[in-house]
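>>> please work out how this folds:
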Amino acid sequence: MSNASKWKLSKEDMEINVKFENFDFKTTKEIEKLNGIIGQVRAVEALDFGIHIQNDGYNIYVSGESGTGRKSYSLSLIEKVAKNKKIHKDYVYVFNFLKPDEPIALSFSPGEGKIFKKDMEFFINRIIKEIPKSFSGSEYESRYQDIVMKFEQLSTAYIAELNLVAQDKGIKFVPSPKGLMSFPIKEDGSIYQEEEYKTLEPEKVEEIQENSKTLSKDFNEYMTKMKELDLKISDKIAHLEQQVVDKIVSYYISDMKEKHADNKKVIDYIDELQEDIINHTSFFKGKEKEETANPLAFFRREDPKQFITRYDVNLFIDNTNIETAPVVLERNPSYYNIIGFAEYRNENGMYTTDFMSIKPGALHKANGGFLIINAKDMLMNTLAWEGLKRSIKTKKIMIENPFKQSLALMTTGLKPEPIDLDIKVVLIGDMHIYSLLYYYDDDFRELFRIMADFDIEIEKNNENEIKFAKFIADFCEVKNLKHFEKEAVIETLKYSIKLASEKNKISARFNKITEIIYESNALCDESQEFIKVKDVQKAIQKKRIRNSKIEDRMNEMYKDGSYLIDVDGKKVGQINGLAVMQVGESMFGKPSRITASSYKGRYGILNIEREVAHSGSIHDKGVLILNGYIGNRYAKEDIPAITTSITFEQNYSGIDGDSASSTELYVIISSIAGIPVSQGIAVTGSMSQKGEIQPIGGVNEKIEGYYDVCKIKGITGKQGVIIPIQNVKNLMLRDDIIKAVEDGQFDIYAISNVEEGLQILTGLSMAKIDEKVKDAFKKFSENCDEKKRQKCEDVE
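Residues are numbered from 1 along each chain as shown. Next up is the predicted model:
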């Protein structure tokens, strides 16, 4: 017989030990604020290095699961660094007088962009008021009249000269608002009235018309002289107007030139601005003077469109009153939100835009500082990702419309001058996305050379335990929640350790901890000042209940016998295995009956799950390992003529994983050798071909799930679970299970090889088990000659 007690675990093996060495407190209200983050030394060092290094390509990818503090800590560290970083430039977009479709970007020291815009508004408003006044002044009027009089004199002389020629033909030319008009004249030189002209004889009318035709050459010569005269006079008037405007503009623009004397690009723009205003004097002088004195004024055609808006200033980036370098967290990284865009408007069914409609993107807003983006959101916008990489590589932000070819009704488009880019980009995502980008995107490897990986678990030591308490204190203070008593902190820390599934680790998923803090506050007695341990336990229990519908339904099926399972006695070829199910947040253990049947045939194990395509590749591997172990231990000398079929009873979904491989071995040995195994002891653990037991996941959930089924079926005191010895460090069981173990009502065994498991389940020594297995093999194979053996091996 075998003594199984040596593999039993004690109460201490299943508890979580929390010590606050040299750190005594009654409530978290007494604790100072947490400085920094708990654990994550490697990630913190990488992030700090990446933030401070200024070389090209050293942008940062922050990796880790959501809730580990990766984003909040990154943001806090970046904001701290940004306080000591130089504030970047202001930018404005202005009209390009030479290339209207290519607006010019002007840069200024922080705060000066807004001042420039105000100065421009003041300047334009002043000249709009002052220029019309100047054209109403006596000096301008005198000079203007001199030019007009000279024009009138020459014009009169040209008309008199033309009429001398026309008089002989009985024609006279008279100026009118519509131009120079010809009239027939009498012999005394007077013009025929309309009634008189109608009474003329046809021969006389024909004569007048013929005479008029013969004057066309003289008239054309006259018109040519008048046009030349008009151009000369117009030039003189334009020159006069420009002198007047130039004098006013120079006076008011001098202050701006003086302010920005050290900014050559701004001075160049101001000079072009001044020249453009002078060239468009007519748009500033107000109501145009009537030029009735000029009979050929109708030859001049001026565009009535108002150009004043071209002198507006688009204050694109304004750092007025900004004290730190920008830190931008872009939550919707679409192409336009990252790169910027020119806003279009519909005018009579046509899409138009101008430089005042250019809007900044996140790159512009974060220029000179830091841009933080969620990697998953970024990659969902392919154009945005490509635009971001292009901007980082070229160090310029180019605003352009990627869909301009599809806008059939667009009549105007802009190509704003690119803005220089100086930025540190931080992508936040998980390791899966990092791996995909690293292997499939060459640009990513070149542009994001720093990876800060936030772990989901941190070391459980005294320093981190104290920091955990400080975290609760800090969170309660910031969120204005009730502070925790020391025992409540310990209970919360135990919950965090259980989330990490390892006794020497603390979970870094602090979003789960904050949920317990919130819910403990919500469930506590309103009259109490602090959160007590019972409040934390209640919050944890309520959370479990909210997510345990499927688990409860399955337990009901164990109770009413829908799920067949035995938790007492001994049986041959039948054993209880343990699996884990996860539905949303809920993860729980599910005991399953595993059975095996052995019969004469070709040597091997028939995996029924595989035959019906319900078995995953890892489970299939586990079954092949069983073949290897059994063959190595029992079939070195001769191949036994035996087939064993194995299956998970009442399983109608897929099975994968190898955590049941040791369990399957035990039931196969039982079936072959006819050895009954205990039904009260459930088993979990994978195995190697050498029979070594290997660790598995979800050990606590598996034990708790089986214990609950045992309670439903009835505790006998002979029930328990066999687990890999490597999983002892993961044991963090419920208090009721620990109490049952302490009272001897439930046992947990930790083993390192399958031989130990077989002895616990059968109560026999390994030598006795081996003897029975070999006898069974011999029995299955006896009386088989070579022909019979061949037939046996061919049996399916």
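>>> report pLDDT for residue 771.
At residue 771, the model reports a pLDDT of 88.
>>> just the buried residues of the helix or strand that contains it, please?
Using DSSP states H and E, residue 771 maps to helix 766-781. Within helix 766-781, the residues scored as buried using 16 or more other CB atoms under 10 Å are 768, 769, 770, 772, 773, 774, 776, 777, 780, 781. Where you see a C-beta, it was placed from the backbone N, CA and C, and this is true even at glycine.
>>> now, among these, which is nearest to residue 541?
residue 769 (43.4 Å; CB to CB).
>>> stretch 325-336: end-to-end distance?
The straight-line separation of the ends of stretch 325-336 (CA to CA, to the nearest Å) is 22 Å.
>>> low-confidence ranges in the stretch 501-650 of the chain?
601-623, 635-641 (pLDDT under 70).
>>> which residues in it form strands?
505-507, 570-571, 574-583, 586-600, 604-607, 642-648 (DSSP state E, counting those that start in this stretch).
>>> can these go into a markdown table with extra columns for distance to residue 261 and mean neighbour count?
A markdown table is the format used below for the strands of the stretch 501-650 of the chain (distance: least, CB to CB, whole Å; neighbours: other CB atoms under 10 Å):
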| stretch | distance to residue 261 | mean neighbour count |
| --- | --- | --- |
| strand 505-507 | 61 | 23 |
| strand 570-571 | 99 | 16 |
| strand 574-583 | 70 | 20 |
| strand 586-600 | 71 | 20 |
| strand 604-607 | 87 | 20 |
| strand 642-648 | 86 | 22 |
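>>> will you turn those into CSV that also has distance to residue 19?
Below are these laid out as CSV (distance: least, CB to CB, whole Å):
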stretch, distance to residue 19
strand 505-507, 13
strand 570-571, 44
strand 574-583, 30
strand 586-600, 28
strand 604-607, 48
strand 642-648, 43
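>>> residue 561: which of the ones you listed is closest?
That would be strand 586-600 among the strands of the stretch 501-650 of the chain, by CB to CB, at 12.5 Å.
>>> distance between that closest one and the chain's centre?
44 Å (CA atoms, centre = their mean, to the nearest Å).
>>> tilt between it and helix 766-781?
50 degrees (axes from the mean of the first three to the mean of the last three CA atoms, to 10 degrees).
>>> what's strand 586-600 packed up against?
Packed against strand 586-600 by the contact rule (3 or more CB pairs under 8 Å, 6 or more residues apart in numbering; DSSP states H and E) you find helix 549-559, strand 574-583, strand 642-648, helix 661-673, helix 699-713, helix 766-781.
>>> export these as JSON lines, with columns for distance to residue 113.
Formatted as JSON lines, those follow (distance: least, CB to CB, whole Å):
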{"stretch": "helix 549-559", "distance to residue 113": "59"}
{"stretch": "strand 574-583", "distance to residue 113": "55"}
{"stretch": "strand 642-648", "distance to residue 113": "71"}
{"stretch": "helix 661-673", "distance to residue 113": "70"}
{"stretch": "helix 699-713", "distance to residue 113": "60"}
{"stretch": "helix 766-781", "distance to residue 113": "85"}
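>>> for residue 181, which of those is the nearest?
Here strand 574-583 is closest among these (CB to CB), at 98.3 Å.
>>> now the helix holding residue 771, how far from the chain's geometric center?
On CA atoms, centre = their mean, the centre of helix 766-781 falls 63 Å from the chain's centre.
>>> that helix versus helix 661-673: what angle between them?
60 degrees.
>>> packing partners for helix 766-781?
strand 586-600, helix 617-634, strand 642-648, helix 661-673, helix 754-762.
>>> is it possible to get TSV of those that adds distance to residue 386?
Output for the helices and strands packed on helix 766-781, formatted as TSV (distance: least, CB to CB, whole Å):
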stretch	distance to residue 386
strand 586-600	40
helix 617-634	37
strand 642-648	49
helix 661-673	48
helix 754-762	55
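>>> what segments of the stretch 301-450 of the chain are helices?
Per DSSP state H, counting those that start in this stretch, the stretch 301-450 of the chain carries helices over the ranges 335-339, 362-366, 375-379, 382-394, 431-440, 442-447.
>>> list the strands paired with the very next helix or strand once past the last one, with their directions.
Scanning the chain past helix 442-447 towards its C-terminal end, the next helix or strand to appear is strand 450-453 (assignment: DSSP H and E). Sheet pairing for strand 450-453, assigned by DSSP bridges, gives strand 60-63 (parallel).
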